[in-house]
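Undergrad: Need a 3D model of the sequence below.
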Amino acid sequence: MRLIFPKFLLTIVWIAFALSSHAQTCSGSLGDPVIKEDFGAGPNLGPALSGGITNMQYVANNCPNDGQYTIANSIVPPGNCHPYTWYNVPVDHTGNPNGYMMIINASYEPSVFFFQRANGLCPNTTYEFSAYILNLIIPSLLTTNYTEPNITFSIETPSGQVLNTYSTGTIQPSPYNVGPVWVKYPIYFTTTSVTDVIVKMSNNAPGGNGNDFILDDITFRACGPIIQSGFGSINGPAKQSLCEGSNANFTLTANVVGTNSPSYQWQYSNSTTSWADIQGATGNSLNISFTNAKPDVYQYRLGVSNGSVITDAACRVYATPLTVYVNPVPVVPAIPPQTICQGHQLQLTAAGGATYTWTGPNVASTSQNPLIINNVTVANAGVYTVQAVSDSGCVAPPMQVQVSVIPQVVAAVNKDVTICAGENTQLTASGGLYYKWTPSTGLDHDDIPNPVATPLQTTAYVVHVSNGGCTDSSKSVTVTVNQNPVANAGKPITLYEGQSAILNGTVTGDNITSFYWTPATFLSDPTSLTPIASPTRDITYTLTAVSQTCGTSTSTVFVRVYENISIPTAFSPNNDGINDRWDIAKLVSYPQSSVLVYDRYGQQVFQSIGYAKPWDGTINGSPLPAGTYYYIIDLKDNKPKLSGWVAIIR
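TA: Residues are numbered from 1 along each chain as shown. You can find the predicted model right below:
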């Protein structure tokens, strides 16, 4: 059965095997690198190393041959450059943008290929020298003739005294199914009284067939005692968290194991400040405080060295940093006001935090986000509040959002109504926010809930009720218009005494209950619209119509009755008080009539309009002689003229 290992596990197993027989370790704390060679960065290819560092030949391409090296920021071997035997290495170990590394194709014979001089180290101090090495050979293409890198590190004084040596042994190729893997190879040495050392790297294996590798990130750093540290005590936590704006005080405590009379120096760093000494902080504890803390990562560490050389950073080793994380308070973007229709789904979404707590009208406190309320009611309208909490537990100020719920339309109108023509009535509707009445005829407004209606005829009004686009409904109300009673007594009538005429009355309107003529004198039937009238004198008749719903109406007609006149044929104006005037009976009832009298010669002797004063037989105040005189009487009103003679007797 074939065993299958995860890729990362293969990598760990391989590195452990590569270091198991040869690794030297620092049992205590390490300082910062005092010397670091990462070969710089730039475009491919990099420049040759300065003189005295290597005795190999520099070539300006990334495919060096035996005994050659190059400086490059990537290796992508073409098909004709060590065909298919070198890994592609796209970046250096440091990970710097376009960072360089030293690519080595070993010499045919074992030899020293790299020199590094470190000046200004501290005396009587242990240092770690380390380098990262990557075997370039792809293992699946190896044969028994291929040679693996095998390198010896030698630390010497300038006079040639060897302080320590370390052999990597055979540097195994990276597992094929893992890809190229960098491995750190360290060696430790103590300076004694010297402050300068020389590192030599020797290639123990022959070149010519394999023995190709990359070198990067060569460092020197001090190695010292174990430093225990923590918040509150050496066994306390290494990390603390605060929220933005908080106030806090901490005591950092450290202890150095196995060293007499060490010197201390606390350091501080954050996102804008590299590690820097804290003035006066030279004890094994440090008190720090935060007031209205600003978001950042604040780190503190204790540097330790022997005696007074604590001021020289090259002599120090450092405890693992103690960290205070000041976490920002979540910034919750404003949530715009929401307007939602009753019965719909309300969704409120907060952002900027890791967890949220919502509260609101008729809503129990909930961590749901987005907050979803199905079938919203008017009771859900109001102010909702959300409290956002970051993944570090920092609480944002409450954020509020106004929610308006548009109620459903429940349209209602007043009952049908009956009015008389010319009257008005107020219509009323309810149940929504917006109203539209149709038709608009007879309404003072058609877009309000309570318009005044004055229709001329029966009208069914429909009101469309809405609430702003959510729902709508329509209701109708009928305004019945009863027409008012209208009595018409007809045109005026003219009669001669003794004649009769039919009164031509008419009545219109709704719900007429009765009609009648007044006075009833000379009428055949005063309750008939067309009674027969036989008056003996001028008279005005009034027709009254009565409606059950809309009152009464009256109209009059004048009946003119012309009386019969009697014209005397003689009179005797002798002032005896008997028959002294030509008295024409009832002519006075014709006020527009004209009377003309002529003598036998045709001369006009008398004239009058109307006959208010009868003729006394004179002309211009002088008596006329007895005789026969001729008259013409025009009664007007299209009546035939009357003519004849009258005798004056004296």
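Undergrad: Tell me where the protein has helices.
TA: Here the chain has its helices, by DSSP state H, at 7-20.
Undergrad: Walk me through the domains of the chain.
TA: 7-223, 226-327, 338-406, 412-482, 486-562, 570-648 (automatic domain parsing).
Undergrad: Report pLDDT for the residue nearest to M399 when sequence neighbours are not counted.
TA: Distances taken as Cβ to Cβ, 6 or more residues apart in numbering place V332 nearest to M399, at 4.5 Å, with adjacent residues excluded. C-beta: built from backbone N, CA, C; applies to glycine. With respect to pLDDT, V332 scores 95.
Undergrad: ok, now which ones touch V332?
TA: A350, A351, G352, G353, V386, A388, A396, M399 (Cβ atoms under 8 Å, 6 or more residues apart in numbering).
Undergrad: Now intersect the residues you listed with the strands, please.
TA: V386, A388, M399 (DSSP state E).
Undergrad: Tell me the most packed of those residues, by neighbour count.
TA: Using other Cβ atoms under 10 Å as the neighbour test, the ones in strands among the contacts of V332 are led by V386, with 25 neighbours.
Undergrad: That one touches W358, doesn't it?
TA: Yes. Taking contacts as Cβ atoms under 8 Å, V386 lies within contact range of W358: 5.1 Å.
Undergrad: what's the overlap in contacts for those two?
TA: Listed as contacting both V386 and W358 by Cβ under 8 Å, 6+ apart are L348, A350, N369, L371.
Undergrad: Same list (those) but as CSV, adding neighbour count and pLDDT.
TA: Listed next are the shared contacts of V386 and W358 as CSV, based on neighbours: other Cβ atoms under 10 Å; pLDDT from 0 to 100:
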residue, neighbour count, pLDDT
L348, 20, 96
A350, 22, 96
N369, 17, 96
L371, 21, 96
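Undergrad: neighbours around P439, how many?
TA: Quick note: P439 (other Cβ under 10 Å) scores 12 neighbours.
Undergrad: Contacts only, for it.
TA: Contacts for P439 (Cβ under 8 Å, 6+ apart) come out as T459, Y461.
Undergrad: Just the pLDDT for it.
TA: 96.
Undergrad: N80 too?
TA: Looking at N80, the pLDDT reads 55.
Undergrad: Could you do T190 as well?
TA: 89.
Undergrad: beta partners for L242?
TA: V326 (DSSP bridges).
Undergrad: residue contacts, it?
TA: Per Cβ under 8 Å, 6+ apart, neighbours of L242: A248, F290, A293, V324, Y325, V326, N327.
Undergrad: do that again at 7 Å, thanks
TA: By Cβ atoms under 7 Å, 6 or more residues apart in numbering, the contact list for L242 reads A248, F290, A293, V324, V326, N327.
Undergrad: Reformat those as CSV; add distance to P485, pLDDT and neighbour count.
TA: Shown next, in CSV, are these (distance: Cβ to Cβ, whole Å; pLDDT from 0 to 100; neighbours: other Cβ atoms under 10 Å):
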residue, distance to P485, pLDDT, neighbour count
A248, 96, 96, 15
F290, 97, 97, 17
A293, 93, 96, 18
V324, 100, 97, 21
V326, 94, 96, 22
N327, 90, 95, 19
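Undergrad: Which one of those residues is nearest to N105?
TA: Nearest to N105 out of these is V324 (Cβ to Cβ; 49.4 Å).
Undergrad: surely that closest one meets K294?
TA: No. Contact criterion Cβ atoms under 7 Å: V324 and K294 do not qualify, at 11.4 Å.
Undergrad: Find residues that contact each of these two.
TA: Common contacts of V324 and K294 (Cβ under 7 Å, 6+ apart): none found.
Undergrad: So for the protein, the centremost residue is which one?
TA: P336 (5.0 Å; Cα atoms, centre = their mean).
Undergrad: Distance of that residue relative to G343?
TA: P336 sits 22 Å away from G343, going by Cβ to Cβ, to the nearest Å.
Undergrad: Check Y629 too.
TA: For Y629, the distance to G343 - Cβ to Cβ - is 108 Å.
Undergrad: With S305 instead?
TA: 76 Å.
Undergrad: Ok, Y300 next?
TA: The gap separating Y300 from G343 is 59 Å, by Cβ to Cβ.
Undergrad: Comparing the two, which shows the higher neighbour count?
TA: Taking other Cβ under 10 Å, Y300 and G343 do not tie; Y300 has more neighbours (23 against 15).
Undergrad: Next, the contact list for the more buried one, please.
TA: So Y300 contacts L252, W266, Y268, L286, I288, P321, L322 (Cβ under 7 Å, 6+ apart).
Undergrad: Which secondary structure element of the protein has the lowest mean pLDDT?
TA: None of the helices or strands of the chain scores lower by mean pLDDT, DSSP states H and E than helix 7-20, at a mean of 36.
Undergrad: Next up, the contacts around I104.
TA: M56, Y69, F113, D212, F213, L215.
Undergrad: 6 Å instead, please
TA: Y69, F213 (Cβ atoms under 6 Å, 6 or more residues apart in numbering).
Undergrad: Repeat that for T478.
TA: Residues counted as contacts of T478 (Cβ under 6 Å, 6+ apart) are D416, A460.
Undergrad: ok, 8 Å please
TA: D416, V417, T458, T459, A460, Y461.
Undergrad: wait, the first one sits on K475?
TA: No. The pair D416 and K475 does not pass the contact test of Cβ under 8 Å, sitting 11.5 Å apart.
Undergrad: Compare the two (neighbour count), which wins?
TA: Comparing D416 with K475 by other Cβ under 10 Å, the one with more neighbours is K475, at 16 against 11.
Undergrad: what residue ranges in the protein are flagged as low confidence?
TA: Residue ranges of the chain with pLDDT under 70: 1-25, 77-84, 140-145, 207-208, 307-309.
Undergrad: Next, format the contacts of Y300 as a markdown table and append neighbour count.
TA: Shown next, in a markdown table, are the contacts of Y300 (neighbours: other Cβ atoms under 10 Å):
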| residue | neighbour count |
| --- | --- |
| L252 | 24 |
| W266 | 24 |
| Y268 | 18 |
| L286 | 23 |
| I288 | 19 |
| P321 | 18 |
| L322 | 25 |
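Undergrad: Any chance of CSV for those, columns distance to Q483?
TA: Converted to CSV, those look like this (distance: Cβ to Cβ, whole Å):
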residue, distance to Q483
L252, 103
W266, 107
Y268, 101
L286, 105
I288, 99
P321, 102
L322, 101
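Undergrad: and which of the residues you listed is nearest G230?
TA: L322 (6.9 Å).
Undergrad: Show me what the residue nearest to the closest one when sequence neighbours are not counted is bridged to.
TA: Distances taken as Cβ to Cβ, 6+ apart put Y300 closest to L322, at 4.9 Å, once the chain neighbours are dropped. Per DSSP bridges, the residues bridged to Y300 are Y268, L322.
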